[in-house]
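K.L.:
okay, sequence plus prediction incoming.
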Amino acid sequence: MTTAVAAPFRFFSLQVARTRRLGPSLVRVTFTGEDLSEFHSHGHDQSLSLFLPAEGRTEPGVPVELGDGWWQAWREQSDDVRAVMRSYTLRSLRREPDEIDIDFVLHEPAGPASRWAARASAGDRVQLLGPAIADNRAIRFRPPADTDLVLLWGDETALPAVSAILEALPAGQRARVWLEVHDAGDIQDLATEADAEITWLVGERALDAIRATQLPPAAHPYAWIAGESGCVKELRRHFVRERGVDRRRVTFVGYWRLGMTEEQLRAAE
């Protein structure tokens, strides 16, 4: 049963269609479901909430039938029933058939989402809280119309969003991109029609690498930074204070925080 929560977001009951290993630390899971026809997004960094079954269970414990009251009811469930909630970014959406891709980072030591993704197989069931309206507040990449240089940085958790953004940039759009991965085997060929210079960082400090980069002159740059919260804040300061980018033209998103689980991060917020 699928119940609307609050427009523009709703729950979707999904199952795994297939998985594909992208590299030593990355796996792509493709999901399908009858109600994905109601899933809509025009964003390239669309944020989603994914609910995975608790250890030892096959169905995610999310009381979606309660509508707007699902959150409190979900929190009050026992640990052995309550679904594991994690935030992810949509990698791609396809029609005919309706499918979405979500890329998972396989951490070591593995958390519950990494363990689930590593052994996911066709038919495994999840719940997803996602957009029913294409233009929604969980889309953050919004460069102003006059942008003449796009600056992108992301770690492995932001790689799906950066990949989708690059695919959507128009031909000739200048872009400078830094992507940080832990293993050189996770480096991917990224498609784009933009005039994009992509630098992969493996074991290199992001701030040092970006500081050492000479950027082309631009009157109206726009920066999008996403990944580990501490690094995101550091890079935002760099672009605003050292590069002179207008702070209103810098989008920064902390996808995770070093030393904290998502549950701890949500509690702190």
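P.N.:
Structure's in. What do you need?

K.L.:
tell me the confidence at Val177?
P.N.:
Listed pLDDT for Val177 reads 98.

K.L.:
neighbours of it, just the number please.
P.N.:
By other CB atoms under 10 Å, the residues close to Val177 number 22. Placement of C-beta: from N, CA and C, glycine included.

K.L.:
same question, the one 3 residues further on
P.N.:
Glu180 sits with 24 neighbouring residues when counted by other CB under 10 Å.

K.L.:
verify the stated contact: it with Leu152.
P.N.:
No: counting by CB atoms under 8 Å, Glu180 stays clear of Leu152, with 11.5 Å between them.

K.L.:
list the buried ones in stretch 27-40?
P.N.:
Val27, Arg28, Val29, Thr30, Phe31, Thr32, Gly33, Leu36, Phe39, His40 (16 or more other CB atoms under 10 Å).

K.L.:
CSV for these, including secondary structure and distance to Gly61?
P.N.:
Below are these laid out as CSV (DSSP: H, G, I helix; E, B strand; the rest coil; distance: CB to CB, whole Å):
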residue, secondary structure, distance to Gly61
Val27, strand, 24
Arg28, strand, 25
Val29, strand, 20
Thr30, strand, 23
Phe31, strand, 18
Thr32, strand, 21
Gly33, coil, 18
Leu36, helix, 22
Phe39, coil, 22
His40, coil, 27
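
K.L.:
the stretch 1-150 of the chain: helices as residue ranges?
P.N.:
Listed in chain order, the helices of the stretch 1-150 of the chain (DSSP state H, counting those that start in this stretch) span 70-76, 112-119.

K.L.:
what's in contact with the shortest one?
P.N.:
Outside of helix 70-76, the residues within contact range by CB atoms under 8 Å, 6 or more residues apart in numbering are Val5, Phe11, Gly61, Val62, Pro63, Val64, Leu66, Arg82, Ala83, Met85.

K.L.:
kindly report the domain assignment for the protein.
P.N.:
The chain resolves into domains spanning 4-131, 149-256 when parsed by automatic domain parsing.

K.L.:
can you pull the poorly scored residue ranges out of the stretch 151-269 of the chain?
P.N.:
Across the stretch 151-269 of the chain, the ranges flagged by pLDDT under 70 are 259-269.

K.L.:
re earlier: which one of the contacts of helix 70-76 is nearest His107?
P.N.:
Nearest to His107 among the contacts of helix 70-76, counting by CB to CB, is Met85 at 16.5 Å.

K.L.:
burial count for that closest one?
P.N.:
Met85: 21 neighbours (other CB under 10 Å).

K.L.:
who does it form a beta bridge with?
P.N.:
Counting by DSSP bridges, Met85 is bridged to Phe51.

K.L.:
my read: it touches Ala54, true?
P.N.:
No: between Met85 and Ala54 there is no contact, the gap being 10.9 Å when judged by CB under 8 Å.

K.L.:
contacts only, for the residue nearest to the spatial centre of the chain.
P.N.:
Centrality entry for the chain: nearest residue to the mean C-alpha point is Thr89, 2.4 Å, by CA atoms, centre = their mean. Thr89 sits next to Asp45, Gln46, Ser47, Leu48, Ile102, Thr157, Ala158, Pro160, Ala161, Ala164, Tyr255 when contact means CB under 8 Å, 6+ apart.

K.L.:
quick one: end-to-end length of stretch 208-218, please.
P.N.:
For stretch 208-218, the first-to-last residue distance is 21 Å (CA to CA, to the nearest Å).

K.L.:
what comes up buried for it?
P.N.:
Applying 16+ other CB under 10 Å to stretch 208-218 flags Ile210, Ala218 as buried.
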